[in-house]
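K.L.:
Curious how this folds, go ahead:
(chains A, B, C and D)
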4 protein chains.
Amino acid sequence: MKLGMIGLGRMGANMARRLIQGGHSIVGFDPDPDARKALESDGAQTADSLKALVESLPGPRNVWMMVPAGDITESTVGDLLALLDSGDTLIDGGNSNYKDTVRRAKSLAEHDMHYVDCGTSGGVWGLAEGYSLMIGGEPAPVEALRPVFETLAPATDQGWGHVGPPGAGHFTKMVHNGIEYGMMQAYAEGFAILQHKQEFSLDLHQVAEIWRNGSVVRSWLLDLTARALDENPTMDGIAPWVDDSGEGRWTVAEAIDLDVSAPVITLALLERLRSRDNDSYSDKLLAAMRNQFGGHAIKKE
Amino acid sequence: MKLGMIGLGRMGANMARRLIQGGHSIVGFDPDPDARKALESDGAQTADSLKALVESLPGPRNVWMMVPAGDITESTVGDLLALLDSGDTLIDGGNSNYKDTVRRAKSLAEHDMHYVDCGTSGGVWGLAEGYSLMIGGEPAPVEALRPVFETLAPATDQGWGHVGPPGAGHFTKMVHNGIEYGMMQAYAEGFAILQHKQEFSLDLHQVAEIWRNGSVVRSWLLDLTARALDENPTMDGIAPWVDDSGEGRWTVAEAIDLDVSAPVITLALLERLRSRDNDSYSDKLLAAMRNQFGGHAIKKE
Amino acid sequence: MKLGMIGLGRMGANMARRLIQGGHSIVGFDPDPDARKALESDGAQTADSLKALVESLPGPRNVWMMVPAGDITESTVGDLLALLDSGDTLIDGGNSNYKDTVRRAKSLAEHDMHYVDCGTSGGVWGLAEGYSLMIGGEPAPVEALRPVFETLAPATDQGWGHVGPPGAGHFTKMVHNGIEYGMMQAYAEGFAILQHKQEFSLDLHQVAEIWRNGSVVRSWLLDLTARALDENPTMDGIAPWVDDSGEGRWTVAEAIDLDVSAPVITLALLERLRSRDNDSYSDKLLAAMRNQFGGHAIKKE
Amino acid sequence: MKLGMIGLGRMGANMARRLIQGGHSIVGFDPDPDARKALESDGAQTADSLKALVESLPGPRNVWMMVPAGDITESTVGDLLALLDSGDTLIDGGNSNYKDTVRRAKSLAEHDMHYVDCGTSGGVWGLAEGYSLMIGGEPAPVEALRPVFETLAPATDQGWGHVGPPGAGHFTKMVHNGIEYGMMQAYAEGFAILQHKQEFSLDLHQVAEIWRNGSVVRSWLLDLTARALDENPTMDGIAPWVDDSGEGRWTVAEAIDLDVSAPVITLALLERLRSRDNDSYSDKLLAAMRNQFGGHAIKKE
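P.N.:
Coordinates of the predicted model:
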């Protein structure tokens, strides 16, 4: 089918390519001309404005946004609301907060437009391996997009599904990322323990390779960990600085709102915050307290 | 090759079967005659005592123990020390504490016997899919066992490896299980969050299936989780009681000994302890404290 | 000075009494006539409506709200906005979220009214021992209320302070409660460890009493813990159910917003959530997973 | 009474001084002649060897060890076993592991000697304010030492107690320190949150002072925190490096052995480990994983 793709960054461009390879027709838009040019060479038509993109699509239109969550998504939705017609469908494939999605879906529904949220997992590997798609929305527009989902997913009938009403897709993706944080932290801690056990001089890449086959902890994240350990087993030159993209925070907040105790996902987030605080005020104060009551020496900075 | 297998429970019997299917010749021993009989029907020779087993093997012997860690392993090693000859190799494929393994290997070395520790992962699926084997020991006896490892592993050159000196195999398996705890807890928390989000009426089995293909959190544990959710999505009849087998505790203790902060693995263990304490004294005391300072009502038991 | 007190529950009535005992003149309002009558017998004037209360105070008025945070505070502020005059001061002594306080202060400032937030700690003991007061607001109205703070606090120059602009008082009180959660949990866990060490048959009340004098962990919360352990050392009849009033949640959310890793305060909150979830879905799923991969028995409900 | 004091460091010397001030007669020993000389000037008799100390005491003797836990305590007990007579009492006032204490008490009992363990809290403030004493041992020797305990404690009948058989004192002290870790971490996290809330420009020392009077979180540790914040509110020059003395580790291990989930005490320990790991391998690996699956940038070291 013919689909508009807004946002031709790492994720959006790859998804457009996978769709083109699957026989779909893509009109891409990105404010960066180089990004548009790159996609044109892969067979896409492009537009140099949202307006041009909308005008190049036959109605009822399907427009997929793959732009950063937050302000850019908000303004893009606002702009499209003025450009799209009733009956059109707007898909948010990014990592939006599900509460924003619920609100936006209501706003579009008032104009008889459809809003579909598609939590998208797969990272830079999705182009080759397919994406895992968690889809929220009304049944009709989701069903209409079936050919698109079947192409983006790893297989026609695998790795994608309509999980619930608008917001349910982004909610599910949010929790997916919370789990991801916990799993990553579990691996990271385990390999750190192995790495500190100097008496055994373990080869961490070898261990990861062994575990990849037949072990209980085998996973795709372990496959990637094995790659990382192969390339750089000592992690030389990599700062112990772990960013977070927001979905972990939302998962923690949501769990607390739901009265669900999720200590592992929560701690995985806190460890990321901690990784970026090399000058911890709390640790300094602890050292000062120990000095106050026990006369324990303070290490100077 | 010809190998003695001591312990024909769920793990030992399946490993014996996989070895037989791979062309090896097995002499099995278990105190339970039914277990012996069952394995005989799968093509193994059996012995009704450790002594008989040892005598039925040509020297230098290879004897694999697949018995519960702790007292039973300790007494079995003691018994075999009196029965084996110099040059023989004893393999511990169970979940022994690596410190015991180091000690036992030294003890056997004094009699010119070899001790090989093989951390074994794969559970009840190993018979069909192969086991992940983390092997510690001296190079010569490990190399001599290569045909056995190649058969037990998922593939000749995959899923097994000689990771270090005696103890290194069990150490690596211990950390493997610590990671397993963390991953399991991450999934469990994530699905609990989904389950509590009643407004979206999510189908947890469907979500697991979507994630199994293309998502960042895809893994073998997720495959099994999907099975569990397919069979019983509401977890009806299952008590919220999570056992632990000891390796998680050792991982936590080892991490602290190594000055490695491993909060996610640690919390995953603590959650298991918590699952078995329905009558938490600390929670009662918290309720009593709140009543003391704020007059907050106490819920009666 | 003459002060209006809105909300004559446990906290408000006791604060009014302490003010009366300190020579202030109180006009109290509560929708419950019994609450009004009780305070009258302690020497307060009362009013049967907000309007009557406002009219009974000379300008510029000082009106102290001691009502539940959230909707009731919101509507009370709204009602008073229509009744008060420019130059009047409204004090929120409850546990409002500091973000609401910042918003309300701006709203009142537009009418030339003052808004003072007073984080109040001390619980049911405050009447006798005085309250700890963390005060936010503009300098002038805070200074005008000095006589009130000097009376409510444990001593004229102790236990109260103007900590910053509107919201700073409630913010500080919020963090105070987060710390409180952490300390309570630390004590509760420690006493639970002592209680489980059956071989020493420790008398927990005796231990608490010993610690109350000279130990590093002596504190007012320990004094109360000792009382609770004296009254009911086995915690008989108390359900392991720990409520939370919201400030812990806000503290956790705020810490994450500020990129501060606060694992102990966070875990203290999660333990409270956990205490109220006797039927943990995550624990059930963990048990089901263990059964899937290792054939481990599931405990039936 | 007349008492031998072995170990005249910060703790032992101060305890000897408090005993002398209370009318007791002290014979002190320390390998450091300066430490002996310092105590002589405070009115103690000293001895230049364990043998000389033992010979200078009338039987049945009471000898108090205030030496570092571990090897030094072990060797001192061994030396004294050869010097003391049946009926003599040896007191370990240090932070020994209770399991060692149980073992040592048995060993002395075989020689009809008594072993009393005295968990001692109070730090450098104990000289002036008295020590909190948690005492384990047989009833008779503990009772015989009553005059000593009454002097060391803050008051004759406060702050000390015989809590159980040998080992119970050190066990109780161990848990005390676990609670201490949790409380300290709770305060440290709370003040870190306040410190990061730059929009309110909070004066942390002022906040601590307010809380010291009337608040729920008032405590001796808060008194000390207020001192530390007064001296150095920005914690300038203090490295975020928090040591630990071992008792926290034992508490965590003991809690797990007892199947008690103690997340706050445990996390408080892990945070200390974390404070000393500026080059976290796990954080580096997390950054590498994120790069692998999502192409997220790695911060260079």
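
K.L.:
in stretch A:146-161, what's buried?
P.N.:
For stretch A:146-161, the neighbour count (16 or more other Cβ atoms under 10 Å in any protein chain shown) marks A:Val148, A:Phe149, A:Glu150, A:Thr151, A:Leu152, A:Ala153, A:Pro154, A:Gln158, A:Gly159, A:Trp160, A:Gly161 as buried. All C-beta spots, glycine's among them, are computed from the backbone N, C-alpha and C.

K.L.:
again, but for stretch A:231-240
P.N.:
Within stretch A:231-240, the residues that qualify as buried by neighbour count (16+ other Cβ under 10 Å) are A:Asn232, A:Met235, A:Ile238, A:Ala239, A:Pro240.

K.L.:
what do you get for stretch A:181-199?
P.N.:
Using 16+ other Cβ under 10 Å as the test for burial, stretch A:181-199 gives A:181-197.

K.L.:
now stretch A:1-9
P.N.:
Buried residues in stretch A:1-9, counted by 16+ other Cβ under 10 Å: A:Leu3, A:Gly4, A:Met5, A:Ile6, A:Gly7, A:Leu8.

K.L.:
The longest helix anywhere in chain A and chain D in contact?
P.N.:
Scanning chain A for the longest helix, with DSSP state H as the assignment, gives helix A:168-196. Yes: contact between helix A:168-196 and chain D, assessed by Cβ under 8 Å from any Cβ of the partner chain, occurs at A:Met184, A:Gln185, A:Tyr187, A:Ala188, A:Glu189, A:Phe191, A:Ala192, A:Gln195, A:His196.

K.L.:
okay, the angle between that helix and helix B:168-196?
P.N.:
Between helix A:168-196 and helix B:168-196, the angle comes out at 160 degrees (axes from the mean of the first three to the mean of the last three Cα atoms, to 10 degrees).

K.L.:
Just the mean pLDDT for helix A:168-196, thanks.
P.N.:
Averaging pLDDT along helix A:168-196 yields 98.

K.L.:
That one close to chain C?
P.N.:
No: if you take Cβ under 8 Å from any Cβ as the test, helix A:168-196 misses chain C, and the best it gets is 11.5 Å.

K.L.:
Report the next helix or strand after that helix in sequence order.
P.N.:
Using DSSP states H and E, the helix or strand that directly follows helix A:168-196 along the chain is helix A:204-212.

K.L.:
chain center to that next one: distance?
P.N.:
26 Å (Cα atoms, centre = their mean, to the nearest Å).

K.L.:
just the strands in chain A please.
P.N.:
For chain A, applying DSSP state E gives strands covering A:2-6, A:25-29, A:45-47, A:62-65, A:89-92, A:114-121, A:132-136, A:160-164.

K.L.:
related to what we said a few turns ago, rebuild the buried residues of stretch A:231-240 as JSON lines, extending it with pLDDT.
P.N.:
Shown next, in JSON lines, are the buried residues of stretch A:231-240 (pLDDT from 0 to 100):
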{"residue": "A:Asn232", "pLDDT": "96"}
{"residue": "A:Met235", "pLDDT": "96"}
{"residue": "A:Ile238", "pLDDT": "96"}
{"residue": "A:Ala239", "pLDDT": "96"}
{"residue": "A:Pro240", "pLDDT": "96"}
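
K.L.:
that older thread, let's have the buried residues of stretch A:1-9 in TSV, adding pLDDT and distance to chain D.
P.N.:
As requested, the buried residues of stretch A:1-9 are exported to TSV (pLDDT from 0 to 100; distance: Cβ to the nearest Cβ, whole Å):
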residue	pLDDT	distance to chain D
A:Leu3	98	23
A:Gly4	98	24
A:Met5	98	19
A:Ile6	98	20
A:Gly7	98	15
A:Leu8	97	15
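
K.L.:
isn't A:Arg274 right up against C:Ser261?
P.N.:
Yes: using Cβ atoms under 8 Å, A:Arg274 makes contact with C:Ser261 at a distance of 3.9 Å.

K.L.:
Chain D contacts on the stretch 1-150 of chain A?
P.N.:
A:Arg10, A:Gly123, A:Val124, A:Trp125.

K.L.:
Can you tell me which of the residues you listed end up in helices?
P.N.:
Using DSSP H, the members of these that fall within helices are A:Arg10.

K.L.:
Please report which of the residues of the stretch 1-150 of chain A next to chain D has the highest neighbour count.
P.N.:
Within the residues of the stretch 1-150 of chain A next to chain D, A:Gly123 tops the neighbour count with 23 neighbours, counted by other Cβ atoms under 10 Å in any protein chain shown.

K.L.:
Please spell out the segments of the stretch 101-250 of chain A that come in under the pLDDT threshold.
P.N.:
Of all residues in the stretch 101-250 of chain A, none has pLDDT under 70.

K.L.:
Which residues of it lie near chain C?
P.N.:
Taking Cβ under 8 Å from any Cβ as the contact definition, the stretch 101-250 of chain A meets chain C at A:Val216, A:Arg249.

K.L.:
so what are the domain limits for chain A?
P.N.:
When chain A is parsed with automatic domain parsing, its domains come out as A:2-165, A:174-278.

K.L.:
ends of the longest one, how far apart?
P.N.:
Spelled out, it's domain A:2-165. End-to-end distance of domain A:2-165 (Cα to Cα, to the nearest Å): 24 Å.

K.L.:
And for the residue nearest to A:Ala13 when sequence neighbours are not counted, the neighbour number?
P.N.:
Excluding the flanking residues, the one nearest A:Ala13 by Cβ to Cβ, 6 or more residues apart in numbering or on different chains is A:Leu39, at 5.6 Å. A:Leu39 has 25 neighbouring residues, counting by other Cβ under 10 Å.

K.L.:
And A:Leu39, how close does it get to A:Met5?
P.N.:
Using Cβ to Cβ, to the nearest Å, A:Leu39 is found at 8 Å from A:Met5.

K.L.:
what sits in contact with each of those two?
P.N.:
Taking Cβ atoms under 8 Å, 6 or more residues apart in numbering or on different chains as the contact rule, A:Leu39 and A:Met5 both touch A:Ala16, A:Ile26, A:Gly28.

K.L.:
between these, which is nearest chain C?
P.N.:
Nearest to chain C out of the shared contacts of A:Leu39 and A:Met5 is A:Ala16 (Cβ to the nearest Cβ; 34.7 Å).

K.L.:
that older thread, okay, angle between the longest helix of chain A and strand A:114-121 too, please.
P.N.:
Inter-element angle recorded for helix A:168-196 and strand A:114-121: 10 degrees (by the same axes, to 10 degrees).

K.L.:
so how far is helix A:168-196 off the chain centroid?
P.N.:
On Cα atoms, centre = their mean, the centre of helix A:168-196 falls 13 Å from the chain's centre.

K.L.:
Now distance to B:Cys118 too, for the residues of the stretch 1-150 of chain A next to chain D, in a markdown table please.
P.N.:
Shown next, in a markdown table, are the residues of the stretch 1-150 of chain A next to chain D (distance: Cβ to Cβ, whole Å):
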| residue | distance to B:Cys118 |
| --- | --- |
| A:Arg10 | 43 |
| A:Gly123 | 35 |
| A:Val124 | 37 |
| A:Trp125 | 33 |
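
K.L.:
What are the neighbouring residues in contact with A:Thr251?
P.N.:
Contact partners of A:Thr251, counting by Cβ under 8 Å, 6+ apart, are A:Met174, A:Val175, A:Asn177, A:Gly178, A:Tyr181, A:Ala262, A:Ile265, A:Leu269, B:Gly190, B:Ile193.

K.L.:
and which of those residues is nearest to B:Gly22?
P.N.:
B:Gly190 (38.3 Å; Cβ to Cβ).
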